[in-house]
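Trainee: Any chance you can model this:
(2 chains)
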Amino acid sequence: MRTSQYILATLKETPSDAEIISHQLMLRAGMIRKLASGLYTWLPNGLKVLRKVEAIVRDEMNKAGAIEVLMPVMQPADLWEESGRWEQFGPELLRIKDRHDRPFALGPTHEEVITDLVRREISSYKQLPLNLYQVQTKVRDEVRPRFGVMRAREFLMKDAYSFHLNDECLAKTYQIMHTAYCNIFDRLGLDYRPVIADTGSIGGSVSHEFHVLAESGEDAIAFSDASDYAANIEKAEALAPAIERPAPAAQLERFETPNAKTIAELNEHYHIAPTQSVKTLIVYGNPDEHGKRGLVALILRGDHELNELKADKHPLVFAPLEMAKEEDIVNAIGALPGSLGPVGLAMPILVDRSAAVLADFVAGANENGVHYRGINWDRDVNNFDVVDLRNVVEGDPSPCGKGLLQIKRGIEVGHIFQLGSKYSEAMKAAVLGENGKNQTMTMGCYGVGVSRIVAAAIEQNNDKFGIIWPTSIAPFELAIVPMNMHKSHRIPAIAEDLYQSLKAQGIDVLFDDRKERPGVMFNDMELIGVPYTLVIGERNLDNNQVELKNRRTGEASLIDITQAVEIISKAIKGE
RNA sequence: CGGCGAUUAGCGCAGUUUGGUAGCGCACUAGUUUUGGGUACUAGGGGUCGCAGGUUCAAAUCCUGCAUCGCCGACCA
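Mentor: Below you'll find the model as predicted:
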């Protein structure tokens, strides 16, 4: 490609609404432009990268035995009603009507469509297992689209769905997909971790997410420093402290705390360490026979955070988890949040493992502006359950039994699930088994956020000059930058000749034939992240040499023109 | 969904307090200049100042409503 016949579309200045580095660089490097909130046009530089990522994903899927299909974005509502997700999914599911006023959804995922396809097409166990995938645009009407294509309302996803006669077979394919995903992210040259994950709205039992490690990641992941245990923080178990609860030493004592509504204020004004106090969160419980929801108290050590997922899954807690409204709290307890505590609380009490080993601790007295000190479990509070409710923190022992937990931020770029029969049962997807009887299939599903990978790769590979692409997904593998070509007699022919020879080697070359100053060209090539730049200038031509620069290391070496094609091919293909 | 903020040329912004015929930098066009790291100069093109209504002799500027975009929050006990 020649820049004179291309849209480079680079920007000197950063558009003001781009917050994170990948979003800024994608705009500056001429990869994307915003159409509306969460909706982006892919310019040539961006699309080339997107297609290269897509090709790697596709290649590994094919190698893993999956078969490509393509399903519609627009899907009839009845399929979603059949699976029960028309009700469940919430406003993220973009619903539309056609001219006959019939309801449709724009697909945020394709379990319904694929299950419908397979139940029609597959009728015998002999056709299983089957793994189908597509690379397709997904639509999710995000509450808050942000960070460019990282969380967009329309994005490109590879989604695969596997069908099996039984769970053992599913587990086998799941493992194959796990390996295929590792291959994908290895080939992309990314620093990533597979982590144990929750199944969320997709459903199912076993699940792993693949995270690209980056400070800007929206998820926190916890992993052991001594084993390969890694989990999304929402899924990481907080083990019970290894210590015994000390015996009570202090008397229960009321004290006035007019200035303390938070743990921080309690610490600031009354010198009570957060680790020696507890916080009391009131949520809704399951409805009684009259349909009225009661309240449930969740007790955590002052310095700990509630893990909403853990609370949500407790049988006494109403799902989805919802913090009790202030008026409901006042009606039931007679005090406002900020002065709540477990002593004398007439509702089910769930105590986090770490809060349960405290003795002589501080909590609200269920009276505005009053706290108790010297509280002790069993002596002052009875009838409570000890459960795991909190988010793990750095330094906690790893649930795997080996090492301590570290916490890093990650960008979720892949997610695999063992779905089981959630969809196949609801949608009656069955095959005839060997015994001649109908048997419901069991399913797996496997997603890769193709467009998100592009942004995630930039988060991990950039410097002050711009993007540093891994060669496998760079928009171009090599840039030819001639110095003042239009003033030279020798350079045009040499540059043209090298351009043609390198192209013939199958190298993706960008020939910068603009009538621009060298600095402009260098800056553009560095910004868009081309891994190698070949500089052709009068200065070295007398020695029959050209200069090869490496974007990542910044190293430049002079090479002989006659050997240039060979050396460059080796450098690029050898990676 | 709640809070805050923004909206003036393709991009980044000033002008709004105090109403008086719309500006700067980058980008773009032409020319000169420069020539291995975003050269300099000259001359240009480009804007119904987000939209609708109102006040006024006069509105980017004041008032009302709406829209769009962004940020933060939705852990507060």
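
Trainee: residues contacting the closest residue to RNA strand B within the stretch 101-250 of chain A?
Mentor: Residue of the stretch 101-250 of chain A nearest RNA strand B, by Cβ to the nearest atom of the strand: residue A:146 (4.2 Å). Glycine gets a C-beta too; all of them are placed from N, C-alpha and C. If a contact means Cβ atoms under 8 Å, 6 or more residues apart in numbering, then residue A:146 has residue A:19 as its contacts.

Trainee: who does it bridge with?
Mentor: On the basis of DSSP bridges, residue A:146 takes part in beta bridges with residue A:151.

Trainee: same check, this time on residue A:137
Mentor: With DSSP bridges as the criterion, residue A:137 is bridged to residue A:156.

Trainee: Spatially nearest residue to residue A:38, not counting backbone neighbours?
Mentor: In space, and not counting its chain neighbours, residue A:38 is closest to residue A:145: 2.8 Å by Cβ to Cβ, 6 or more residues apart in numbering.

Trainee: Let me see the contact set for that neighbour.
Mentor: A:37, A:38, A:151, A:152, A:153.

Trainee: ok, how many other residues are close to the first one?
Mentor: Close neighbours of residue A:37, defined as other Cβ atoms under 10 Å, add up to 12.

Trainee: Would you check that it makes contact with residue A:153?
Mentor: Yes - contact status for residue A:37 versus residue A:153: in contact at 7.3 Å, counting by Cβ atoms under 8 Å.

Trainee: Show residues contacting the helix or strand residue A:56 falls within.
Mentor: Using DSSP states H and E, residue A:56 maps to helix A:44-63. The contact list for helix A:44-63, computed with Cβ under 8 Å, 6+ apart, reads A:6-9, A:26, A:29-32, A:42, A:68, A:133, A:135, A:156, A:158, A:160, A:180-181, A:183-184, A:187-188, A:448, A:450-451, A:453-454, A:457, A:469, A:472-476, A:528.

Trainee: Extract the C-alpha set from it and format it as PDB.
Mentor: What follows is helix A:44-63, C-alpha atoms only, in PDB (Å, rounded to 0.1, in the frame of the first residue of the first chain):
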ATOM      1  CA  PRO A  44      -8.500   1.300   7.100                       C
ATOM      2  CA  ASN A  45      -5.800   1.200   9.800                       C
ATOM      3  CA  GLY A  46      -8.200  -0.100  12.400                       C
ATOM      4  CA  LEU A  47     -10.000  -2.600  10.100                       C
ATOM      5  CA  LYS A  48      -6.700  -4.100   9.000                       C
ATOM      6  CA  VAL A  49      -5.800  -4.900  12.600                       C
ATOM      7  CA  LEU A  50      -9.300  -6.100  13.300                       C
ATOM      8  CA  ARG A  51      -9.200  -8.500  10.400                       C
ATOM      9  CA  LYS A  52      -5.800  -9.800  11.400                       C
ATOM     10  CA  VAL A  53      -7.100 -10.600  14.900                       C
ATOM     11  CA  GLU A  54     -10.200 -12.200  13.400                       C
ATOM     12  CA  ALA A  55      -8.000 -14.300  11.100                       C
ATOM     13  CA  ILE A  56      -6.000 -15.700  14.000                       C
ATOM     14  CA  VAL A  57      -9.200 -16.400  16.000                       C
ATOM     15  CA  ARG A  58     -10.700 -18.100  13.000                       C
ATOM     16  CA  ASP A  59      -7.600 -20.200  12.200                       C
ATOM     17  CA  GLU A  60      -7.400 -21.500  15.800                       C
ATOM     18  CA  MET A  61     -11.100 -22.300  15.900                       C
ATOM     19  CA  ASN A  62     -10.800 -24.300  12.700                       C
ATOM     20  CA  LYS A  63      -7.800 -26.100  14.000                       C
END
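
Trainee: Just checking: what are the partner strands of the next helix or strand after that helix?
Mentor: Remark: after helix A:44-63, the chain's next helix or strand is strand A:67-68, criterion DSSP H and E. Using DSSP bridges, the strands paired with strand A:67-68 are strand A:130-139 (parallel).

Trainee: Can you give the distance of the strand it pairs with from its chain's centre?
Mentor: 18 Å (Cα atoms, centre = their mean, to the nearest Å).

Trainee: and that strand, average pLDDT?
Mentor: The predicted model assigns strand A:130-139 a mean pLDDT of 96.

Trainee: next one: stretch A:479-491
Mentor: Mean pLDDT, computed over stretch A:479-491, is 90.

Trainee: How far does it stretch from one end to the other?
Mentor: 15 Å (Cα to Cα, to the nearest Å).

Trainee: Contacts for it next, please.
Mentor: A:492, A:495, A:498-499, A:502, A:509-513, A:515, A:518, A:521-522, A:525, A:530, A:532-539, A:541.

Trainee: These: which ones sit near RNA strand B?
Mentor: Restricting the contacts of stretch A:479-491 to those near RNA strand B by Cβ under 7 Å from any atom of the strand leaves A:518, A:522, A:535, A:536, A:537, A:538, A:539.

Trainee: In TSV: these, plus secondary structure.
Mentor: Formatted as TSV, those follow (DSSP: H, G, I helix; E, B strand; the rest coil):
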residue	secondary structure
A:518	helix
A:522	helix
A:535	strand
A:536	strand
A:537	coil
A:538	helix
A:539	helix
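
Trainee: Mind picking the two most distant members of the residues you listed?
Mentor: Using Cβ to Cβ, those reach their maximum pairwise distance at A:522 and A:538, which is 16.5 Å.

Trainee: between the two, who's got more neighbours?
Mentor: Per other Cβ under 10 Å, whichever of residue A:522 and residue A:538 has more neighbours is residue A:522, with 18 against 14.
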